[in-house]
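Participant: model the following, please.
(one chain, ligands or ions: 2)
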Amino acid sequence: MQESEFSLINRLFTRTDSSRNPFTRLGIGDDASIHHLEPGMELVVSTDSSLQGVHWPDDFPLDRAADRAVCSALSDMAAMGAETLCIWLNVMAEHSRAVERMAQGAMAALKRYDVELAGGDTCRSAINALSVSVAGQLPEGTAMRRDSAVSSDNIWLAGRVGWHALGLQQWLNGRQDGAFVPCFEVITPLLQTGIKLRQAGVGCCIDISDGLLQDVGHIAFASGVGMDIEITSVPGWELLCQAVGEDSASALVAHGGEDYALLFTAPDDVSLPDKLAVCIGHCRSGKGVSLLLDGEKTDIEKAGFDHFR
Ligand code: ADP
Ligand code: MG
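Facilitator: Ligands and ions are numbered 1, 2, ... in the order given. Down below sits the predicted model:
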């Protein structure tokens, strides 16, 4: 006999092994959840969709797809410097087995990062998809925003770029045991790094989801600055060059998405925790982003991921 929607929800989405976040006054089970913020704190909210055939290949396991969907949503909290409080999870599934697989993956990710599930929705759909909303908090006025770079700032990168795209290439080429495949299968949101950066006084940050050049362009545009980035300074550059050669490595670094590294800007005198990030460039007056290779301007053009192009 087919299991009912409500039995599925009770069985799959109710966790008994997590301490409830004091932020949540009422969680799963009612028409809505209820939350409380301490005075002086701001609420930070983001929502993201992931669809089979768009965000993951048709033959990619659904539990891993759901794990990735949750982690990519959490990365938005890292980029803002927020402490993650909870998520809401909408599961759209072709059948109840697909609900089960996606629930397993989503719950595994939440357990890894000790994040509470405060509610969601479960329904049948023509294609498998997830929508994840996430809430976090931070002290008022301290969020790391895309519009607060200044022309005298340095540009820093915490994490890798290009590795996910290479892992995806290997996976699509049938090389499931490729060295970079794990970078595609598992997303690591840099939650603690984001909080440390905000605490160090960093004011401007973005997570690299759609490609370095495109995402950095968002900072340049929102802040009204120009930005120069030295591609060979990116962590792991030599390894990428060894794997695919310099031209392909440049393209992977410039356009490869979904690594969820944190790119931020900060003035000369910022004091960053040791080894958290490497300096990869400088802001300047003017506009636009230039990628440099050993100091020489390249002609690599903006071509990050765009759903409608
Ligand atoms: P409603 O009819 O008010 O939309 P539902 O019957 O859809 O409520 O859901 C019942 C409860 O189960 C709600 O509290 C909802 O937040 C929770 N819920 C449903 N699906 C999920 C899910 N995928 N993840 C977490 N909670 C869920
Ligand atoms: Mg509902």
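
Participant: tell me the secondary structure for residue 67?
Facilitator: On the three-state scheme (DSSP: H, G, I helix; E, B strand; the rest coil), residue 67 is labelled helix.

Participant: can you pull the contacts of the closest residue in space to it that isn't next to it in sequence?
Facilitator: Take residue 67 and drop its neighbours on the chain: the residue closest to it by Cβ to Cβ, 6 or more residues apart in numbering is residue 105, 4.0 Å away. For the C-beta atoms, the positions are set from N, CA and C on the backbone; glycine is no exception. Contact partners of residue 105, counting by Cβ atoms under 8 Å, 6 or more residues apart in numbering, are 61-68, 70.

Participant: any stretches of the protein with poor pLDDT?
Facilitator: Applying pLDDT under 70 to the chain flags the ranges 1, 15-19, 302-309.

Participant: can you give me the helices for it?
Facilitator: 5-13, 62-80, 96-112, 163-172, 181-185, 191-199, 212-223, 237-244, 246-255 (DSSP state H).

Participant: can you pull the domain assignment for this protein?
Facilitator: 5-139, 154-297 (automatic domain parsing).

Participant: could you dump these to a markdown table with distance to ligand 1?
Facilitator: Below are the domains of the chain laid out as a markdown table (distance: least, Cβ to the nearest ligand atom, whole Å):
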| stretch | distance to ligand 1 |
| --- | --- |
| domain 5-139 | 3 |
| domain 154-297 | 19 |
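
Participant: reformat the ones you listed as TSV; add distance to residue 145.
Facilitator: Putting the domains of the chain into TSV (distance: least, Cβ to Cβ, whole Å) gives the following:
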stretch	distance to residue 145
domain 5-139	8
domain 154-297	6
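
Participant: among the helices of the chain, which is nearest residue 264?
Facilitator: Proximity to residue 264 (Cβ to Cβ) singles out helix 191-199 among the helices of the chain, at 5.9 Å.

Participant: of the domains of the chain, which is nearest residue 146?
Facilitator: domain 154-297 (4.2 Å).

Participant: how far does that closest one sit from its chain's centre?
Facilitator: Relative to its chain's centre, domain 154-297 lies at 12 Å (Cα atoms, centre = their mean, to the nearest Å).

Participant: cool, and stretch 80-87?
Facilitator: On the basis of Cα atoms, centre = their mean, stretch 80-87 sits 12 Å off its chain's mean C-alpha point.

Participant: got it, and stretch 99-106?
Facilitator: Centroid separation for stretch 99-106 versus its chain: 20 Å, with Cα atoms, centre = their mean.

Participant: what comes up buried for that stretch?
Facilitator: Along stretch 99-106, these residues count as buried under the neighbour rule (16 or more other Cβ atoms under 10 Å): 99-106.

Participant: what's the answer for stretch 186-202, then?
Facilitator: Buried residues in stretch 186-202, counted by 16+ other Cβ under 10 Å: 187-191, 193-198, 202.

Participant: neighbouring contacts of it?
Facilitator: Identification of contacts with stretch 186-202 by Cβ under 8 Å, 6+ apart yields 64, 67-68, 71-72, 74-75, 77-84, 113, 138, 142-144, 158-159, 164, 205, 207, 258, 260-262, 264-266, 270-273, 276-277.

Participant: again, but for stretch 235-247
Facilitator: The contact list for stretch 235-247 (Cβ under 8 Å, 6+ apart) reads 157, 159-160, 162-163, 166, 179-180, 231, 249, 252-253, 278, 293.
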